[in-house]
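Chemist: no FASTA, just this:
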């Protein structure tokens with residue numbers, strides 16, 4: 001509390017006549033020792049869940065990279081045929097692009113544009129092959145090889161037990 005008038009006799013005497021009351025806060029019961037400590041719940045926070053999902057994704061990507069390194073180039077006839085078609089499509093795109101540049105000097109310029117659009121079509125077809133057909137063939141090959149490895153591991157364990 002602030003002192004209002006320092007010349008008041010209440011404040012000038014050395015003997016204090018009254019006492020101040022204790023605050024209402026001191027009349028409240030004290031908390032028990034460690035009463036504010038809260039035990040962690042078994043529920044996970046969103047950050048923990050997000051972190052676990054991130055770790056699971058990284059683990060799966062690492063496993064897929066390992067499979068890609070191990071079994072990238074299948075030795076099947078279908079894969080080889082698709083790769084030949086893919087390379088042919090890219091070669092056709094290059095040839096059509098060169099022809100479109102050469103044929104610019106020819107009077108009807110629409111011929112050059114036709115070859116340029118053919119080149120774009122060949123490139124788009126090569127992307128389609130690579131991202132759909134060839135990728136599916138690689139994935140199937142990887143799955144076959146992983147299943148074969150697991151089967152061989154089972155046989156090896158059976159032989160060890162016997």
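Modeler: Yep, it's here. Just so we're clear, the structure is a prediction, and the values are computed from it rather than from any experiment.
Chemist: when you work out contacts or count neighbours from here on, use the C-alpha atoms and nothing else.
Modeler: OK.
Chemist: ok, and what's touching stretch 89-101?
Modeler: Applying Cα atoms under 8 Å, 6 or more residues apart in numbering, the external contacts of stretch 89-101 come out as 111-116, 118-123, 125-126.
Chemist: one more time with 6 Å, if that's ok
Modeler: With contact meaning Cα atoms under 6 Å, 6 or more residues apart in numbering, stretch 89-101 is reached by 112, 115, 116, 119, 122, 126.
Chemist: neighbour-wise, which of those residues leads?
Modeler: residue 119 (24 neighbours; other Cα atoms under 10 Å).
Chemist: check what pLDDT it gets.
Modeler: Looking at residue 119, its pLDDT is 96.
Chemist: OK, contacts around it?
Modeler: 93, 96, 97.
Chemist: what's the neighbour count on the first one?
Modeler: Yep, that's residue 93 we're talking about. 24.
Chemist: relative to residue 113, how far out is it?
Modeler: 13 Å (Cα to Cα, to the nearest Å).
Chemist: for stretch 130-150, which positions count as buried?
Modeler: Buried residues in stretch 130-150, counted by 16 or more other Cα atoms under 10 Å: 130, 134, 137, 138, 139, 141, 142, 145.
Chemist: got CSV for the residues you listed, with secondary structure, pLDDT and distance to residue 82 too?
Modeler: Output for the buried residues of stretch 130-150, formatted as CSV (DSSP: H, G, I helix; E, B strand; the rest coil; pLDDT from 0 to 100; distance: Cα to Cα, whole Å):
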residue, secondary structure, pLDDT, distance to residue 82
130, helix, 93, 9
134, helix, 91, 7
137, helix, 90, 9
138, helix, 87, 11
139, helix, 86, 14
141, helix, 87, 14
142, helix, 85, 17
145, helix, 86, 20
